[in-house]
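Peer 1: no FASTA, just this:
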């Protein structure tokens, strides 16, 4: 077997080993630190905390660093995440991000209000052009699955979604400049409808 083939096999083995190591470290941190609030593997039944399973790694990393440097400052960020994130290194955060990104999201939501669900779907799919609100799916994906620096919203708890959308009315999440503009065109009823739609995805 040529040296080139041996080298290729060696590189593949290194990648697989590194990936498995990242998953093991992330899994350990999940069990020891995060699962208390976010549930094992990033799936929680508590509406106080977000689902982390399936969250894109770049988004997760950015948010954890925002908690750590205290630039994300909504009430629950201060209560829960400032202290937790201060204990994590960049490598810890990256390991957790890699772990959660590959966890399969578990669907927990139900359609409890069909009218609001339909309204939310309309806004998510087509936006509010007359209010300057673009379709949410343009950034967040057809079912709110998210991608790269854009978060997964599909399957998040309704109460959590409503709370976070309202946070964008203020300045507690300064990095989310796009969302600060988007919510200007959303009424409270719009937010409730969007949350009802997304939690069922």
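Peer 2: Yep, that arrived. Just so it is clear, the structure is predicted and the values come from calculations on it, not from any experiment. Numbering: from 1, shown residues only.
Peer 1: residue 176 and residue 113: what is the separation?
Peer 2: 27 Å (C-beta to C-beta, to the nearest Å). Glycine gets a C-beta too; all of them are placed from N, C-alpha and C.
Peer 1: which one of those two has more residues nearby?
Peer 2: residue 176 (18 against 14; other C-beta atoms under 10 Å).
Peer 1: OK, contacts around that one?
Peer 2: residue 168 (C-beta atoms under 8 Å, 6 or more residues apart in numbering).
Peer 1: and it, how close does it get to residue 66?
Peer 2: For residue 176, the distance to residue 66 - C-beta to C-beta - is 10 Å.
Peer 1: next: residue 77.
Peer 2: Distance from residue 77 to residue 66, by C-beta to C-beta: 8 Å.
Peer 1: got it, and residue 115?
Peer 2: When residue 115 is compared with residue 66 (using C-beta to C-beta), they lie 36 Å apart.
Peer 1: please say which of these two ends up with more neighbours.
Peer 2: Taking neighbours as other C-beta under 10 Å, residue 115 and residue 66 compare with residue 66 leading, 19 against 9.
Peer 1: check contacts around the more buried one.
Peer 2: Residues near residue 66 by C-beta under 8 Å, 6+ apart: 72, 173, 175.
Peer 1: that one: helix or strand, and which one exactly?
Peer 2: In this assignment (DSSP states H and E), residue 66 forms part of helix 57-68.
Peer 1: now the helices for the chain?
Peer 2: 3-29, 35-38, 57-68, 75-76, 82-85, 90-101, 114-126, 137-140, 158-167, 177-182, 188-199 (DSSP state H).
Peer 1: return the most buried member of those.
Peer 2: helix 188-199 (a mean of 22; mean count of other C-beta atoms under 10 Å).
Peer 1: which strands or helices does that helix pack on?
Peer 2: helix 114-126, helix 158-167 (3 or more C-beta pairs under 8 Å, 6 or more residues apart in numbering; DSSP states H and E).
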